[in-house]
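> Below are the sequence and a predicted model for it; my questions follow.
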Amino acid sequence: MAHFAKLDENNIVISVHVVNNDVILVDNIESEQAGIDFLRELHDHDKWKQTSYNRSFRKNFAAPGYIYLEEHDIFIAPKPYTSWLLNLESGTWQPPIAKPENMINLEWSENTQSWEDMSRGN
């Protein structure tokens, strides 16, 4: 099965659709364009990009709300916090301060720009 992200005019993922492999095989080679052509005809919608369930291409498996960055050919999750920066190599958002590895119940606080222990006081 192949998966395709339906994109809006701003390259935001609206939904993800599954296409049978026999639709995208052309001379026994997988063709993204064949899947796009199939979905365009089926759904009368023009913007589609194939996404990889095992993340073998385009960094992340697309999901509704994700963004397709055309200039980098990757899908990214929505930015979780204003201060976080996108790591293009991994396709993930990174905090300005690394999360301590020895703490379990930590949550990022945008107000204090730090990791806060959520288990205290509970």
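Cool, the structure landed.

> And the strands in this protein, which stretches?
2-7, 13-19, 25-26, 29-30, 48-51, 67-69, 74-76, 85-87, 92-94, 106-109, 114-117 (DSSP state E).

> Out of those strands, which gets nearest to residue 38?
Shortest distance between residue 38 and these, using Cβ to Cβ, is found for strand 13-19: 6.2 Å. From N, CA and C alone the C-beta is placed, and that goes for glycine too.

> sorry, back to before: could you dump the strands of the chain to CSV with mean neighbour count, mean pLDDT and distance to residue 61?
Below are the strands of the chain laid out as CSV (neighbours: other Cβ atoms under 10 Å; pLDDT from 0 to 100; distance: least, Cβ to Cβ, whole Å):
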stretch, mean neighbour count, mean pLDDT, distance to residue 61
strand 2-7, 21, 98, 7
strand 13-19, 16, 98, 8
strand 25-26, 12, 92, 21
strand 29-30, 10, 92, 17
strand 48-51, 21, 98, 6
strand 67-69, 18, 98, 12
strand 74-76, 22, 98, 7
strand 85-87, 13, 98, 17
strand 92-94, 14, 97, 13
strand 106-109, 14, 94, 23
strand 114-117, 14, 93, 27
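
> wait, which of the ones you listed is closest to residue 40?
Proximity to residue 40 (Cβ to Cβ) singles out strand 48-51 among those, at 6.9 Å.

> Could you give the bridge partners of residue 4?
residue 17, residue 50 (DSSP bridges).

> I should have written residue 29 there, sorry.
Beta-bridge pairing for residue 29 (DSSP bridges): residue 26.

> For residue 21, see how far away it is.
Distance of residue 29 to residue 21, given as Cβ to Cβ, to the nearest Å: 11 Å.

> one step back: dump the strands of the chain to CSV, plus distance to residue 36.
Formatted as CSV, the strands of the chain follow (distance: least, Cβ to Cβ, whole Å):
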stretch, distance to residue 36
strand 2-7, 7
strand 13-19, 9
strand 25-26, 12
strand 29-30, 12
strand 48-51, 5
strand 67-69, 13
strand 74-76, 15
strand 85-87, 26
strand 92-94, 26
strand 106-109, 37
strand 114-117, 42
